[in-house]
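A.B. asks: Based on what follows, work out the 3D shape:
(2 chains)
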Amino acid sequence: MNSRRKFIKNSCIGALGMTILPSFTIKSEKLTKLIILHTNDTHSRIHPFKTGKYKGYGGMAERATIINDIRKKNKHVLLFDAGDIFQGTPYFNYFKGELELKIMSEMQYDAATLGNHDFDNGLDELEKQLPNANFPFISSNYNFEKTNLKNKFKKFKIFKKAGIKIGVYGIGVKLEGLVPKKLYGNVIYEDPIIKSNKIAKFLKKEKKCDLIICLSHLGLKYKTSKVSDIVLAQESKHIDLIIGGHTHSFLEEPLHVKNKEKKDVIINQVGWGGINLGRIDFNFNQNKHFKKVFGRPIFVKKNTKNA
Amino acid sequence: MKIKNKLILLYALLFFACSNEFYNTKFNKNQNYIKVQNIKSDNKISSLIEPYDKIIYQYMKDTLCYSKYDLTKNVPESTIGNFVTDLCLHYADADICIMNKGGLRTEIYQGYVTREKIYELMPFENELVILEINKETFKLLIDYIINRSGEPFSGMNIKSFKNETKVHINDTIHIDNYFANSTKIKILTSDYLANGGDNMNFFKKIEKKKLNLKLRDVIIDYCSQIDTIKVTLDERIILNHE
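C.D. replies: So this is what the prediction gives:
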């Protein structure tokens, strides 16, 4: 259907719904809205794209405007990144990631996970850059025990918003064959499905989290049997949301995949380069169960008139 | 679905359709995305960026050459892949140059090509190396290229059909004839791929001859020596497995 027509149709039905709705909502419960904002594979794109099909899109100062505005209008907002913050523009070659992390700190990112390109200058340089981030990097299946980065990463983090407990952890892609060995050194890649299931269960059962979010840099899906977000979701029991990256997939809306217990896992990913910002709204009832979920990417585009 | 739930859903749709939280909410005609426009830059972030811009901006804005066409990514053959691998062979004594699609990070659009564009095309600090490989390893390389629906290369052509694959070096010498006279063939590639990057595992154990040339520097040097980029698709790879 023509999208404009769809828009009009939705608006009309919506308007109809609103006129009838009050009589049905008297008994309905109060809902708390939690907004999850997210990016992935921003690849050192500080400024909006200058040429090509993405011309005018992206830009960190522009993304910040949107994020600030959403925060102003909503009380409960979390902001995450699913990895590959580094590499792609001269800003990374010259400043080694310093600017990307400083801007993300200013934007008040709540957490990020590691992508393969975040290893591109090696472990020593990564260690030097980490203090530029005032938010934690969460990595649950990379074992840094035998490296200089031991204890630098969290295995999970629990956020509390409006009494709702949100458990967040991070899953990285297999580094061998993707990142030169000399750059990732003695980092051990642990099985993402086993690690993910273990930590999700821990967050759900032991820590009593109401929402489980996995920041993943595995990639959305593959033609081969390679583990992906789809596979991770299908093999899971407790994940509610996977915020993905790596495959630079532009999704028009989040995917819903059935887990082992035939319950929905939401998967979202928003392309790359900060062209858009992911937004997923969860509406929690008073029992801390979410009922309605709505997700759409927000395209970041500079006001070229004033540029 | 119960009628109440249905109405809640409709209400949600109305809310999101009309919400000003998506700025000048507008549906793109080609996509069902909600598009945001008229975003102003955040002043705090802009002033954070400014001192970094001052250091690199002028240098990166340098025009190196002009491109008549868009150099794009594609399979099995691409203009951007042909451009990079062809130019690399000017810088080394090798028979074939092989790169990977994933390593060429952007396309180059018609217009002036700045230093910044080349940094975006080749952001990695990869260096050029030469590997001398035998017939068996060469066959693994050809299989790899075919299995990946084509990767950027220069110096040979590949015609692969369901039952047969023909490879010619320099457009003329059949690969069997080549290996009848030599035991090794010289491959130019990046140290990343030579060390098994992008799963080019067959290169891992081969001895690497370093050229002390960064791939990006080579592209920048080439671009600054020419006025206009001229590159075409020349059917150097044909895959037909129907």
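A.B. asks: use CA for all of it now, contacts and neighbours both
C.D. replies: Fine.
A.B. asks: what residues are up against the nearest residue to B:Glu242 once chain neighbours are set aside?
C.D. replies: Nearest non-adjacent residue to B:Glu242, counting by Cα to Cα, 6 or more residues apart in numbering or on different chains: B:Lys162, 6.6 Å away. Neighbouring residues of B:Lys162 by Cα atoms under 8 Å, 6 or more residues apart in numbering or on different chains: B:240-242.
A.B. asks: closest to chain A among these?
C.D. replies: Set against chain A, the nearest of these by Cα to the nearest Cα is B:His241 (17.8 Å).
A.B. asks: burial count for the closest one?
C.D. replies: 9 (other Cα atoms under 10 Å in any protein chain shown).
A.B. asks: Ok, A:Gly271 next?
C.D. replies: Neighbours of A:Gly271 (other Cα under 10 Å): 23.
A.B. asks: now swap in B:Asn240 and tell me
C.D. replies: When neighbours are counted by other Cα under 10 Å, B:Asn240 comes out with 11.
A.B. asks: Let me know the pLDDT of it.
C.D. replies: On pLDDT, B:Asn240 comes in at 90.
A.B. asks: And A:Phe294, by the same measure?
C.D. replies: The model's pLDDT for A:Phe294 equals 87.
A.B. asks: quick one: the helices in the stretch 151-300 of chain A?
C.D. replies: A:181-184, A:192-201, A:229-234 (DSSP state H, counting those that start in this stretch).
A.B. asks: List, one by one, the residues from the stretch 101-250 of chain A near chain B.
C.D. replies: For the stretch 101-250 of chain A, the residues in contact with chain B (Cα under 8 Å from any Cα of the partner chain) are A:103, A:106, A:177-180.
A.B. asks: at 6 Å what do you get?
C.D. replies: Applying Cα under 6 Å from any Cα of the partner chain, one finds that the stretch 101-250 of chain A approaches chain B through A:177-178.
A.B. asks: which stretches of the stretch 101-250 of chain A form strands?
C.D. replies: A:111-112, A:142-143, A:156-161, A:164-171, A:188-189, A:211-216, A:241-243 (DSSP state E, counting those that start in this stretch).
A.B. asks: What residue, apart from its backbone neighbours, is nearest A:Arg71 spatially?
C.D. replies: A:Val77 (6.4 Å).
A.B. asks: What is the burial count for B:Ala180?
C.D. replies: 10.
A.B. asks: Low-confidence regions, the chain specifically.
C.D. replies: Looking at chain A here, since you left the chain open. The model of chain A has pLDDT under 70 over residues A:1-28, A:303-307.
A.B. asks: Not quite, go with chain B.
C.D. replies: Using pLDDT under 70, the flagged stretches of chain B are B:1-38.
A.B. asks: Next up, the contacts around B:Asn240.
C.D. replies: Taking Cα atoms under 6 Å, 6 or more residues apart in numbering or on different chains as the criterion, B:Asn240 is in contact with B:Phe161.
A.B. asks: do that again at 10 Å, thanks
C.D. replies: B:159-163, B:165 (Cα atoms under 10 Å, 6 or more residues apart in numbering or on different chains).
A.B. asks: what's the answer for A:Asn268, then?
C.D. replies: A:38-39, A:220, A:229, A:241-245, A:249-256, A:278-280, A:295-297.
A.B. asks: how about a cut-off of 8 Å?
C.D. replies: A:241-244, A:251, A:253-255, A:278.
A.B. asks: try A:Gln286
C.D. replies: Residues in contact with A:Gln286 (Cα under 8 Å, 6+ apart) are A:29-32.
A.B. asks: For these, I'd like a selection string for PyMOL - just the buried members, please.
C.D. replies: Per 16 or more other Cα atoms under 10 Å in any protein chain shown, the buried members of the contacts of A:Gln286 correspond to this PyMOL selection:
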select buried, chain A and resi 31+32
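A.B. asks: any chance of the contacts of A:Gln286 in TSV, plus distance to B:Glu120?
C.D. replies: Below are the contacts of A:Gln286 laid out as TSV (distance: Cα to Cα, whole Å):
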residue	distance to B:Glu120
A:Glu29	51
A:Lys30	49
A:Leu31	45
A:Thr32	43
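A.B. asks: Filter the contacts of A:Gln286 down to just the ones in helices.
C.D. replies: With helices taken from DSSP state H, there is no overlap with the contacts of A:Gln286.
A.B. asks: So the nearest residue to B:Lys214 once chain neighbours are set aside versus chain A, what's the distance?
C.D. replies: Excluding the flanking residues, the one nearest B:Lys214 by Cα to Cα, 6+ apart is B:Glu127, at 4.1 Å. Using Cα to the nearest Cα, to the nearest Å, B:Glu127 is found at 13 Å from chain A.
A.B. asks: I am finished for the moment; much appreciated.
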